[in-house]
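In: The sequence and its predicted three-dimensional model are supplied below.
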Amino acid sequence: MTQAMWALAPSGNYGFDDRLADQPMLFEDEANTAPLQDELAQHFAGRTVPIDEISRYVVTQTAFHSGQVKMKTLRPMQSAGRISSPNQKRPGQFPAGTLITFPAWG
């Protein structure tokens with residue numbers, strides 16, 4: 001389903017509002033990545049992993065997409081001190097080859 005939605009709206013700006021069913025917005029302009037942050041912190045707890053492995057996990061194992069990994073998920077995690085990187089050149093930027101360290105969960 002996410003592939004189909006991205007095919008229709010490559011920018012990621014899509015929404016669904018069924019006013020007849022009296023339902024709230026199904027897709028918001030800004031994704032709440034807090035659940036993804038918690039999922040990553042728990043799944044990768046105590047490990048240092050390359051950014052590519054994190055992106056692959058997000059795409060294959062969660063409802064989130066690759067465009068939500070770096071700036072919308074990892075950047076806030078780093079700002080909050082939830083992750084670190086032993087080889088990152090600039091904080092908040094995660095080019096290929098960047099290693100991310102997740103502290104032990106708990």
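Out: In hand now; what should we look at? Just so it is clear, the model here is predicted, and its values are computed rather than measured.
In: In this structure, where is pLDDT below threshold?
Out: Residue ranges of the chain with pLDDT under 70: 1-30, 106.
In: where along it do the strands fall?
Out: 48-50, 99-101 (DSSP state E).
In: wait, doesn't Ser84 sit right on Pro91?
Out: No: using C-beta atoms under 8 Å, Ser84 is not in contact with Pro91; the gap is 9.6 Å. C-betas here are computed from N, CA, C, even on glycine.
In: Need the overlap of contacts for the two.
Out: Gln78 (C-beta atoms under 8 Å, 6 or more residues apart in numbering).
In: which of these two has more neighbours?
Out: Of the pair Ser84 and Pro91, Ser84 is the one with more neighbours under other C-beta atoms under 10 Å, namely 15 against 11.
In: quick one: contacts for that one?
Out: Contacts of Ser84 (C-beta under 8 Å, 6+ apart): 78, 100-101.
In: 7 Å - rerun?
Out: Thr101 (C-beta atoms under 7 Å, 6 or more residues apart in numbering).
In: can you tell me how far the most centrally placed residue in the chain sits from Asp38?
Out: With distances taken as C-alpha atoms, centre = their mean, the residue of the chain nearest its centroid is Val69 (3.1 Å). Here Val69 is placed at a distance of 14 Å from Asp38 (C-beta to C-beta, to the nearest Å).
In: Next: Lys72.
Out: In this view, Lys72 and Asp38 are 14 Å apart by C-beta to C-beta.
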